[in-house]
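Undergrad: Provided below are the primary sequence and the corresponding predicted coordinates.
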Amino acid sequence: MMNQSLEKGKQILRVLKANGYEAYFVGGYVRDFLLGLKSSDIDIATSALPNVVLSLFPKAIATGEKYGTISVYMDEVFFEVTTFRTEGEYLDSRHPEFVAFTNRLEDDLMRRDFTINAMAMDEDLIIIDRFESQTDLKNGLIRAIGNPDTRFSEDALRILRAFRFIAKLGFHIDDNTFESICTHKELLKHIAIERIMQELKLIVEGPYAILAIKAMAKANLGEVLESINLGLRLLSGKLDFSLSVNEFYALSFYLANCEIPDKWRFSNKDKALIERLIELVIVTSRDDFNEMIVYVNGLDLCLSANKINLLIFDGNDQSSLIQHLYDRMPIHKTCDLAFKGQDILQMGLLQDARMIGRLIDDITYQVITLQLPNDYDAIHHYVQQRLDNINDSGEKNGK
């Protein structure tokens, strides 16, 4: 797919050049290409104005014409083609007051965030490098273009993007750029929490998340992102860890001894998962997992809670116990029972839905704790005994 996308992208460059315009591959694709990383997400920059791009390609859509971006489909492969542009003053630490089109590639590259993202490449794979980007790439360095204070004042989200590139590439931040991050981190308060959460996911789940989180803690980013401060602090002292972003949030909120703050915009599904993880950590941090806990919460959630416990309480590894309990269970959900609620109804001795539900819960407990086999006849016999006892008790009480 990577080679196919590159070849289709080259076709776009050739069409633009054949019509008298400059055109290049730009941004992250060029960086990843030089690093030998697979990527089919190819951005193209051109001197052609958006209306020209629309006219040159039959399958083109004006998805961001105001900002110079046209979506071009070349034999079903998607590309974003953007006119060279400069940007006006940033008034909200995120968005420019205006964008202006230019016919100079250098102007377009100058507005980007870091040197490693500010290279261009032509259809012959020749690199255009105006900022010693390839040297920084070779040295594993994340360095802001020009004055870092200006770059972060323009767009504070670039602060988190710096850590995202650590998490993705294992690079380190240039000293001047890092100092500027520390100076301007308060600007993150102006960034929408949804954008912050998108970057945090890429940071926490990146292959070099450990390096990124250590750098974030060193920059005291938790002073701005207070709800996750203790999580950052704890993880920055660990030699090794691997967390999903929801596990990271559960760890952080648990350490902060707080409910999920309203400002963090989770989906209902993610919020419920984080809350269950926190509850599991509370229940199992000092006590053992048991059959009911594993059955009710499932294998994956229990292993996640155990992972969090291990980070907080060294040596409390219950992963083998959790796996053993799960593996020996005859059933993993109610529908796996050999005897159903409908079977109880058919016995004709019990009609109350609540009582049937409680009886099914009792059967489930007996089966997962291996006190009763998951066998139709065995469970039928057990239910018959229970119902006989209920009836005997009712008759005695009636007397």
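TA: Nice, I can see it.
Undergrad: can you give me the helices for the stretch 101-250 of the chain?
TA: Under the criterion DSSP state H, counting those that start in this stretch, the stretch 101-250 of the chain carries helices at the ranges 105-110, 133-139, 148-154, 157-169, 175-184, 193-204, 209-218, 229-236, 245-255.
Undergrad: Could I get the average pLDDT for the first one?
TA: Translated: helix 105-110. Taken as a whole, helix 105-110 carries a mean pLDDT of 92.
Undergrad: and if you look at the longest one?
TA: Helix 157-169 shows a mean pLDDT of 97.
Undergrad: With mean neighbour count and distance to Ile282 added, can I get the helices of the stretch 101-250 of the chain in a markdown table?
TA: (Each C-beta comes from the backbone N, C-alpha and C, glycine too.) A markdown table is the format used below for these (neighbours: other Cβ atoms under 10 Å; distance: least, Cβ to Cβ, whole Å):
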| stretch | mean neighbour count | distance to Ile282 |
| --- | --- | --- |
| helix 105-110 | 19 | 51 |
| helix 133-139 | 17 | 45 |
| helix 148-154 | 19 | 39 |
| helix 157-169 | 24 | 29 |
| helix 175-184 | 18 | 35 |
| helix 193-204 | 18 | 22 |
| helix 209-218 | 21 | 24 |
| helix 229-236 | 20 | 16 |
| helix 245-255 | 23 | 7 |
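Undergrad: Redo the ones you listed as JSON lines? Include distance to Ile360.
TA: Shown next, in JSON lines, are those (distance: least, Cβ to Cβ, whole Å):
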{"stretch": "helix 105-110", "distance to Ile360": "65"}
{"stretch": "helix 133-139", "distance to Ile360": "61"}
{"stretch": "helix 148-154", "distance to Ile360": "59"}
{"stretch": "helix 157-169", "distance to Ile360": "46"}
{"stretch": "helix 175-184", "distance to Ile360": "56"}
{"stretch": "helix 193-204", "distance to Ile360": "39"}
{"stretch": "helix 209-218", "distance to Ile360": "43"}
{"stretch": "helix 229-236", "distance to Ile360": "39"}
{"stretch": "helix 245-255", "distance to Ile360": "30"}
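Undergrad: From Ile193, how far off is the residue nearest to Glu186 when sequence neighbours are not counted?
TA: Residue nearest to Glu186 in three dimensions, not counting chain neighbours: Val224, with 6.0 Å by Cβ to Cβ, 6 or more residues apart in numbering. Per Cβ to Cβ, to the nearest Å, Val224 is found 12 Å from Ile193.
Undergrad: Equivalent analysis for Ile282, please.
TA: According to Cβ to Cβ, Ile282 and Ile193 sit 26 Å apart.
Undergrad: ditto for Ile61
TA: For Ile61 relative to Ile193 (Cβ to Cβ), the value is 30 Å.
Undergrad: re the thing from before, the residue nearest to Glu186: how many residues sit nearby?
TA: Neighbour count for Val224, taken as other Cβ atoms under 10 Å: 18.
Undergrad: One more: Phe266?
TA: 15.
Undergrad: Same question for Ala118.
TA: For Ala118, using other Cβ under 10 Å, the count is 24.
Undergrad: With Ala378 instead?
TA: Ala378, neighbours per other Cβ under 10 Å, totals 15.
Undergrad: do the one 4 residues further on as well
TA: Tyr382 sits with 20 neighbouring residues when counted by other Cβ under 10 Å.
Undergrad: separation between the nearest residue to it once chain neighbours are set aside and Lys340?
TA: Residue nearest to Tyr382 in three dimensions, not counting chain neighbours: Leu372, with 5.8 Å by Cβ to Cβ, 6+ apart. For Leu372, the distance to Lys340 equals 15 Å [Cβ to Cβ].
Undergrad: What of Gly140?
TA: 60 Å.
Undergrad: on that earlier part again, verify the contact between the residue nearest to Glu186 and Cys182 for me.
TA: No: counting by Cβ atoms under 8 Å, Val224 sits too far from Cys182 to count as a contact (10.8 Å).
Undergrad: Need the overlap of contacts for those two.
TA: Counting by Cβ atoms under 8 Å, 6 or more residues apart in numbering, no residue touches both Val224 and Cys182.
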